[in-house]
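> Let me see the structure of the following:
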Amino acid sequence: MPGFNSYIGKNVKLGRDVKIWHLTYIGDNTSIGDGTSIGSLTHIDYNVKIGRNVKIEGMVYIPPLTEIGDGVFIGPGVVFTNDPYPTSKRMIGVKVEDEAVIGAGAVIKAGVRIGRRSVVAMGALVTKDVPDGAVVMGFPARPVYSREEYERKKGEWEAKGGGGGPRTL
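Here you go, the predicted structure:
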């Protein structure tokens, strides 16, 4: 269900239980899978494919030709690009594989593949493909450890308790 003052273009395919928050733009010929949630002020351009159970936080830009798999998390302010040589006449999309995590403020270069179950840290500049299960960070981003180590560190962090309540979109 679209939020207040959201725009949904022509020939957009929305799956079941898709949540679209306020002031969101979704361009023509885009498909969005079941159970996906899209935060406020997000711009999803035309000819984009988004899988099932994806969480897209607010102020994200997703250009044409981007493909996002199932179970992906995209943090606030992430920017995907689709033109490695602006303003060329040829575009190439970014491909994000299933269960990847992209942290707040990351910038993803045109043509890059973000591997399955990989993690892109907040603020990273991704200029090269990210291998399956890798965690990358930095400017430019580089591998620092595996997804398994990431999950272990996350579990340790969560076990410490404290802080705010559960995260919601």
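
> can you count the residues close to the closest residue to S6 other than its chain neighbours?
Residue nearest to S6 in three dimensions, not counting chain neighbours: T24, with 4.4 Å by C-beta to C-beta, 6 or more residues apart in numbering. For glycine as for every other residue, the C-beta is placed from the backbone atoms N, C-alpha and C. Neighbourhood size, T24 [other C-beta atoms under 10 Å]: 24.

> what does the one 5 residues further on give?
N29 has 15 neighbouring residues, counting by other C-beta under 10 Å.

> same deal with W157?
There are 10 residues near W157, going by other C-beta under 10 Å.

> Please apply the same query to A159.
7.

> and it, how far is that from V101?
According to C-beta to C-beta, to the nearest Å, A159 stands 19 Å off from V101.

> just E67 next, same as before
17 Å.

> Neighbour count: those two, which is higher?
V101 (22 against 17).

> who's in contact with the more buried one?
V101 sits next to V72, F73, S118, V119, V120 when contact means C-beta atoms under 8 Å, 6 or more residues apart in numbering.

> In this structure the first one contacts G115, no?
No: taking contacts as C-beta atoms under 8 Å, V72 lies outside contact range of G115: 11.6 Å.

> related to what we said a few turns ago, ok, the residue nearest to S6 touching T42?
Yes: proximity of T24 to T42 meets the contact threshold set by C-beta under 8 Å, at 4.9 Å.

> circling back: so which of the contacts of V101 comes closest to P84?
V120 (18.1 Å; C-beta to C-beta).

> Can you name the residues that contact the most centrally placed residue in the chain?
Most central in the chain under C-alpha atoms, centre = their mean is I74, positioned 3.3 Å from the mean C-alpha point. Shown in contact with I74 (C-beta under 8 Å, 6+ apart): V54, K55, I56, E57, V60, I68, V96, I102.

> from what I can see the third one touches H43, true?
No: at 10.6 Å, I56 and H43 do not qualify as touching, with contact defined as C-beta under 8 Å.

> Identify the contacts common to those two.
I62.

> neighbours of G103, just the number please.
19.

> doesn't L125 make contact with it?
No: using C-beta under 8 Å, G103 makes no contact with L125, being 12.0 Å away.

> quick one: low-confidence parts of this structure?
Flagging of the chain using pLDDT under 70 yields the residue ranges 1-3, 162-169.

> so where do the helices sit in it?
Using DSSP state H, the helices found in the chain span residues 147-159.

> between V72 and G115, what contacts are shared?
A100.

> Pick out whichever of those two has more residues nearby.
V72 (23 against 20).
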